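Student: how would this look folded up:
(chains A and B)
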Amino acid sequence: MSAPRVWTVAATQLRLMSRDRRLAWLTGLLALVMLASAAVGQSRNAQLQADRRAAAAEAQEVWRSQGPTNPHGAAHFGQDVYAPVSPLAALDPGLSDHLGVAVRLEGHSQNPARERPVEGGAALSRFGGFSAAWALKVLAPLMIILAGFSTFAGERSRELLSQERAAGASSFTLMGGQLLALSTWAFGLVAAFTAAGLALVLANGAAAADMLAALAMGAAFFLYLAVFVGLTLAASASFRTARAALVALLCFWALSTLAAPRLVPALAEQLHPTPAAPVFEKAVTEEAKNGANGHDPADKRLAAFKAETLRHYGVTREEDLPVNFAGLALAFGERNSTQTYNRHYARLFDAYEGQARVQRWVALAAPELAVGPLSMAFARSDLDAHLRFLKQAEAFRYRLIQTLNADVAQHKPPADGPYLADVGALTRHLRFAPRPAALGEVWTRQRANALVLAGWAALAFALAGFAGLRLERPQ
Amino acid sequence: MLTAQALTKRFGDHLALDGLDLHIAPGEVFCLLGANGAGKSTTIKLFLGFLAPTAGRALVDGVEVAADPIRARSRLLYIPEQVALHEELTGLENLVYFARLGAVPDASPRRLTACLEEAGLAPTAVHRRVSGYSKGMRQKVGVALAIAKGAKALLLDEPTSGLDPQASADFHDLVARQRDAGAAVLMATHDLFRARQIADRVGVMRGGKLRLSFDAQELSAQDLEAVYLQAMVAEPAPLRS
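Tutor: Okay, the predicted model is just below:
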């Protein structure tokens, strides 16, 4: 293959594409749609962020201004924490509209996240699905197909091909040039997407990790579009007629981008079933309630813990303990109920992981299933980001409640009433500050999807190259 | 320059070309006559390396086409019945494109504009998109490429079919000029009149076989037609082998 000839073919093809009014209009429209949806997403995210900050500040204020109160009463009163808003979710909202953003933290239970944006948010989230990432996942491949299906196929194209070959370029060289041209066009779209991502990150305080995440999203989408570039040109060079190439490519597009993402969840649910939310909640709540919670004096586990505590302090009566046993009992109960919740949640999360494995396997047949999770993961709008928020909220809840329980344990109740404390001052050092997963962690979890996508791109280019060689082979 | 040695092509049971032996020297025009399906286009495609010979070999300037088709094509220029060009490019842009594909040493727009004008394309047409070109104008772009490339051999597959008489005459003038510049020309055609006018030698094919070949100028147009028609229906007595 001759590099100058490849470049000549690519430059000429790009010039032809730029002069194709329909393609130019469609490209402009797609870029406009992507940038407009990014702008709308940013505006919506800014509103969500402001709302959540205000709600979190209000919740903190309510918590701090309780005045003298019983710490365990405060544990039952609870406080709300809110999920962070990722700037890149403006490009790919992923699952964020369908997952709760607020968790009520209280003693004895791990509450599910609530306030899903889809329930009360803008119409955009209720109609669902539309975003800059969606445009790249669904519309851009379609445009690649429309731009490239007749490159080699069809009688007219074959006459031109004969002349190009007779002029001195091999079919392999021509294929190289066409791959370069269509990839450059795809790169332009991805560059616009990535630039929008970087602009969003800059507008939100410019975290280096988010910038790298925007670049990673761009790289993932470029690999994804490269799959369609390779397959489109391979089909164009392999089918006798342009119509046959178009039909085959449209079938693949529809299966890969429309059907597979809707079929895989059903398959994953069949293979790794998860309980419905009310069923799960009922099961875990019942088991937690039936365990030691520090409130039931007749509970045998609590009685054993009390006996052990008395033995530890070398006394025989609760009144002789140097600490308030009620606080120790509450901490003991909190440990038990937390273990129960963690066990149930671990099973649930394992099922989620099993479903993700199913998706990764099916991605071997449908590249959209590899790029979708990659994009959501780097945008931090996927299930992992949500679960990370829940785990951090739970870790914070446990520390908060156990801090209150420890304070109860340190103070015996006065004779004239319950022990009261300023819980705001008591928990001033505890602050919920959820941190997104480090980029390395996201990469580790998404490596399989990235490899599948890279494999698809390599396969598509290899097929295109092979089809180019076949065209060169004399009949 | 163009040599066929027992060149044979079979498509399944169909013998498309049967042991063709041919040599066209530099500065010589050889016209292949014959009905559709006689084997003319197959011969040209074998010289281009688009088809693989079943037996025998085709050589261009000593390069065996089947062994190194790209090198063989670098010495050739191919003009089919309808020169296919990129419709959304101008004549000059098309020529620049094809010249660069052929690694023409000087593919600068200035030189290629001169080549287009030498091929007879009006200066006003050079920068127009070829979607508005007539067939004759397209053929001129093809000839301009031959001029730019300095092709040692021209393979012309019914290049004047459908051209008006003036355009056809202009085209043959251009081919004659390439011949005079030393190019070997193999032209498949149905146009007996032009063949007699331009060809140094004429061959008549039927059923994949070269039935006879002779010096064209030795015959009048009427005689040529008679010989051709006779060759189409029966095994002729060779005029000159």
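
Student: Would you mind confirming that B:Gly182 is in contact with B:Gly27?
Tutor: Yes. Here B:Gly182 reaches B:Gly27: they are 5.2 Å apart, a contact under C-beta atoms under 8 Å. C-beta here means a position set from N, CA and C on the backbone, and glycine is covered the same way.

Student: for the closest residue to chain B within the stretch 301-450 of chain A, what are its contacts?
Tutor: Proximity of the stretch 301-450 of chain A to chain B (C-beta to the nearest C-beta) peaks at A:Pro367, 31.4 Å away. Counting by C-beta atoms under 8 Å, 6 or more residues apart in numbering or on different chains, A:Pro367 makes contact with A:224, A:227, A:256, A:452-453, A:456.

Student: what about 10 Å?
Tutor: Residues in contact with A:Pro367, defined by C-beta atoms under 10 Å, 6 or more residues apart in numbering or on different chains, are A:137, A:141, A:223-228, A:231, A:252, A:256-257, A:260, A:449, A:452-453, A:455-457, A:459-460.

Student: next one: A:Gly148
Tutor: A:13, A:17, A:178-179, A:181-182, A:185, A:228-236, A:245, A:249.

Student: Need the per-residue pLDDT for it.
Tutor: For A:Gly148, the pLDDT comes out at 93.

Student: residues near the residue nearest to it when sequence neighbours are not counted, how many?
Tutor: Among residues not flanking A:Gly148 along the chain, A:Thr232 sits closest, at 4.1 Å (C-beta to C-beta, 6 or more residues apart in numbering or on different chains). A:Thr232 sits with 30 neighbouring residues when counted by other C-beta atoms under 10 Å in any protein chain shown.

Student: And for A:Ala244?
Tutor: Other residues near A:Ala244 come to 15 when the count uses other C-beta under 10 Å.

Student: What helix or strand is residue 6 located in?
Tutor: All of this is about chain A. helix A:3-19 (DSSP states H and E).

Student: let's do chain B instead
Tutor: strand B:2-11.

Student: strand partners of the next helix or strand along the chain from that strand, parallel vs antiparallel please.
Tutor: The helix or strand immediately downstream of strand B:2-11 is strand B:14-24, counting by DSSP H and E. Paired strands of strand B:14-24, with direction, are strand B:2-11 (antiparallel) (DSSP bridges).

Student: Buried residues, the strand it pairs with. List them.
Tutor: B:2-5, B:7-9 (16 or more other C-beta atoms under 10 Å in any protein chain shown).

Student: And stretch A:341-350, by the same measure?
Tutor: Those would be A:341-342, A:344-345, A:349, for stretch A:341-350 by 16+ other C-beta under 10 Å.

Student: Out of those residues, which sit inside strands?
Tutor: With strands taken from DSSP state E, there is no overlap with these.

Student: and A:Glu472, how many neighbours?
Tutor: By other C-beta under 10 Å, neighbour count at A:Glu472 equals 18.

Student: What segments of the chain are strands?
Tutor: Going with chain A. Ranges of strands within chain A are A:68-69, A:79-82, A:102-106, A:109-110, A:421-422, based on DSSP E.

Student: Can you look at chain B instead?
Tutor: Secondary structure of chain B, counting by DSSP E: strands at B:2-11, B:14-24, B:29-34, B:55-60, B:63-64, B:76-79, B:153-157, B:184-188, B:201-206, B:209-215.

Student: what pLDDT, on average, does the third one get?
Tutor: Read it as strand B:29-34. For strand B:29-34, mean pLDDT rounds to 92.

Student: quick one: buried residues of that strand?
Tutor: B:29-34.

Student: can you state the direction angle for it and strand B:153-157?
Tutor: Relative orientation of strand B:29-34 versus strand B:153-157 (axes from the mean of the first three to the mean of the last three C-alpha atoms, to 10 degrees): 20 degrees.

Student: distance of A:Leu271 from chain B?
Tutor: 51 Å (C-beta to the nearest C-beta, to the nearest Å).

Student: oh sorry, the question was meant for A:Val452
Tutor: Distance, A:Val452 to chain B, by C-beta to the nearest C-beta: 37 Å.

Student: residues in contact with B:Met232?
Tutor: Counted by C-beta under 10 Å, 6+ apart, B:Met232 has contacts B:33-35, B:38, B:204-206, B:211.

Student: Return the entry from these with the maximum number of neighbours.
Tutor: B:Leu33 (28 neighbours).

Student: residues in contact with that one?
Tutor: By C-beta under 10 Å, 6+ apart, B:Leu33 lies in contact with B:40, B:187-192, B:195, B:199, B:202-206, B:211-213, B:216, B:224, B:227-228, B:231-232.

Student: Only whichever of the residues you listed are buried, select them in ChimeraX.
Tutor: Selection command for ChimeraX covering only the buried members of those, criterion 16+ other C-beta under 10 Å:
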select /B:40,187,188,189,191,192,195,199,202,203,204,205,206,211,212,213,216,224,227,228,231,232
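
Student: Out of the buried residues of strand B:2-11, the closest to chain A would be?
Tutor: Minimum distance to chain A across these is 9.5 Å, recorded for B:Lys9 (C-beta to the nearest C-beta).

Student: Quick check, the closest one in contact with A:Gln475.
Tutor: Yes. Contact criterion C-beta atoms under 10 Å: B:Lys9 and A:Gln475 qualify, at 9.5 Å.

Student: circling back: among the buried residues of stretch A:341-350, name the ones in helices.
Tutor: Residues of the buried residues of stretch A:341-350 located in helices (DSSP state H): A:341-342, A:344-345, A:349.

Student: Done for today, thanks.
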